[in-house]
Every structure is written in structure tokens, then in C-alpha cells.
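> Need coordinates for the following:
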Amino acid sequence: MNYKIKKVMSKKNMLKKLKLFDMSIYDKYFENKNIFRGEQISRLGHIKNISNDNNLYKCIVMGTEEYDVSFRLNGETLEETSCTCPYFEENNKNCKHIYACLYNIKAGNVSKKLNFELETQINDFFDTYNELDKQVIDTYHDIPSNIANEYCNSIQGIYCIVDSYKNNLYKYFIRDDELVNRINSVIEKKNILNNAYGEYNKGRLRYLMNKNKEENSNRVNDNSNKSNNIILGTIFLTGLKSLFSLSDKK
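The predicted structure is shown next:
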């Protein structure tokens, strides 16, 4: 099998690769805490009655109460924002409810598709892990234990980390940023796995080659010793014959 090393990607590049909308173009309109909370509100499904009239969007966001939200989108510009929640009315700042509605409209499928990509990478990791584990089990018997131990030590713990990601797929409380981090983490863990197996295989082949050279060298030495013994034996027998010949002449 050919195990390729994959590169991790920034969130921007990953969204581009997966053809998903990048919400970061609207980050300048919101405080970080409202981006975080708004994203969760959207994924929890607390938005209803979305309407669009010439890019003027309206919806109801369910929080402590039901809040009326409206804003206009002019390309990448967010305009005419409004919300009936206390935060917006008291601070005149864009709130989590506005972000939740905006996220739902522009990036409502992002979380699901990032989870799907994460699930794909996780399954690929486990397939590779199981295949390499099988190959190590099939080949470690004819080599010193320290070579296999080095492989096991190199990959120690990465299985559990990826398994924990698997157990939290499609959970609403995991943000898109964290999903991107986890996708990259799985790619990195697979690279560690492939590198560890590559080193194991090199060590194994190096040991077997050295062992083969040693056996060939010993075989040559044995054959040389046998040849020497034959020559010495021949010389000895020739000497005996010469002695007997001299004795017969006398």
C-alpha cells in the first residue's frame, strides 16, 4: 500500500476546498462572544419564520424570549441590523441573535458538511490504523522486539484521541473552527501513523538485510573452511603416499 502524507489546511482553505461559505467576512460586525453563541443558537435550530424581501431578512430567534431580528445584506456588507433583545437595545451592537440568523442563512450547511468531512477522515484513519496494525502483527515475529516496540510507542495515544472525535460527531456544541481543528488533527495523526510504520518497515528490512549478509558471510566462511580442510586432507594423503612409495623402493 502507498501511504501518502497529507497537508493540514487553514479554515479558509478547507472551506474553499469543500465549497462552503466562509462566515469570517462578517466577523468585523460582531464581538467574538456573539459569534460563538450565535453559531450555537443556529445549530440548535432556535430560528423560525425566515423571510427575504429584496435582501432584507427577517426572522424570529428563540432565546429567553422570542426576539424579532432583521438585517439587510448588500454583498459582503451587513446593514440595517435590528433585534428586540435587551443587548441590542441597550448597547446598539449586533447581538448573538442577529449572528444566529445570518449564520443560518449563509452557512447553515457548513457544520453538517464539516462533520461529514471529519467523519470521512476518521474512517480513513481507522482503516489505515487497522491495516498497518495487521502488517506489523504479520511481520514482527522474525525481528527483534525493540523494532516493533518503537512503532507502538510512536503511535501510543493517537487512537484514543481520534476515537474521542468519533464519539462527538454531529454535536451542536462543537464550533466550526473546532471542527476544522479536529479534521486537521486527524490528518496529523494519520501522518504520524504512516511515518511510524515507515520507520518500522525500514528498521525491519535493515535488520533482515544485515542478518542475510551475516548468514551469507558465515556460509562463505564455512565453505572456505571446508575447502581448506579438503586441501589439507589431500596434502596429507599425498604425503602419506610419498612415504609409502619411498618405503617400498627400499
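
> all strands for this structure, in order.
47-53, 56-62, 66-74, 77-83 (DSSP state E).

> Of the ones you listed, which is nearest Leu169?
strand 47-53 (22.7 Å; Cβ to Cβ). Backbone N, C-alpha and C define where each C-beta goes, glycine included.

> Dump the C-alpha coordinates for that closest one into CSV.
The C-alpha trace of strand 47-53 is given here as CSV (Å, rounded to 0.1, in the frame of the first residue of the first chain):
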residue,chain,number,x,y,z
ILE,A,47,-34.7,30.1,14.4
LYS,A,48,-38.0,30.3,12.7
ASN,A,49,-40.0,32.3,10.1
ILE,A,50,-37.1,33.4,8.0
SER,A,51,-38.2,35.7,5.2
ASN,A,52,-36.3,37.7,2.5
ASP,A,53,-37.6,40.8,0.8
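
> What strands line up against it, and which way round?
Strand 47-53 pairs in its sheet with strand 56-62 (antiparallel), by DSSP bridges.

> mind checking how far the strand it pairs with is from the chain centre?
Distance of strand 56-62 from its chain centroid, counting by Cα atoms, centre = their mean, to the nearest Å, is 39 Å.

> tilt between it and strand 77-83?
40 degrees (axes from the mean of the first three to the mean of the last three Cα atoms, to 10 degrees).

> Identify the residues contacting strand 56-62?
41, 46-51, 66-73, 80, 83, 97, 100-102, 104-105 (Cβ atoms under 8 Å, 6 or more residues apart in numbering).

> Report the angle between it and strand 66-74.
150 degrees.

> Nearest to Tyr129 among the strands of the chain would be which one?
strand 47-53 (39.6 Å).

> in the closest one, what counts as buried?
Residues of strand 47-53 classed as buried by neighbour count (16 or more other Cβ atoms under 10 Å): Ile47.

> ok, back up a step: which one of the strands of the chain lies nearest to Ile147?
strand 47-53 (56.8 Å).

> Could you pull up the mean pLDDT of that closest one?
Strand 47-53 comes out with an average pLDDT of 95.

> In this structure, where is pLDDT below threshold?
Applying pLDDT under 70 to the chain flags residues 1-5, 215-250.

> List the buried residues for stretch 30-48?
30, 34-35, 37-43, 46-47.

> now do stretch 149-157
So for stretch 149-157, counting by 16+ other Cβ under 10 Å, buried means 151, 155.

> Now tell me what touches that stretch from outside.
Taking Cβ under 8 Å, 6+ apart as the rule, stretch 149-157 contacts 129, 136, 192-193, 195-197, 199-200, 203.

> change it to 6 Å
193, 196, 200 (Cβ atoms under 6 Å, 6 or more residues apart in numbering).

> Cys83 and Ile98 touch, don't they?
Yes. Assessed by Cβ atoms under 6 Å, Cys83 is found in contact with Ile98 at 5.4 Å.

> Which of these two has more residues huddled nearby?
Ile98 (29 against 24; other Cβ atoms under 10 Å).

> Who are the contact partners of the more buried one?
Ile98 neighbours (Cβ under 6 Å, 6+ apart): 69, 71, 81, 83.

> a markdown table for those, including distance to Leu179?
Formatted as a markdown table, these follow (distance: Cβ to Cβ, whole Å):
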| residue | distance to Leu179 |
| --- | --- |
| Val69 | 25 |
| Phe71 | 26 |
| Thr81 | 27 |
| Cys83 | 27 |
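
> How many residues are close by Glu65?
9.

> now swap in Cys85 and tell me
That count, for Cys85 with other Cβ under 10 Å as the rule, works out to 19.

> How much space separates the nearest residue to it once chain neighbours are set aside from Ser111?
Distances taken as Cβ to Cβ, 6 or more residues apart in numbering put Tyr67 closest to Cys85, at 4.5 Å, once the chain neighbours are dropped. Applying Cβ to Cβ, to the nearest Å, the value for Tyr67 to Ser111 is 22 Å.

> got it, and Leu78?
21 Å.

> cool, Glu90 as well?
30 Å.

> That'll do, ta.
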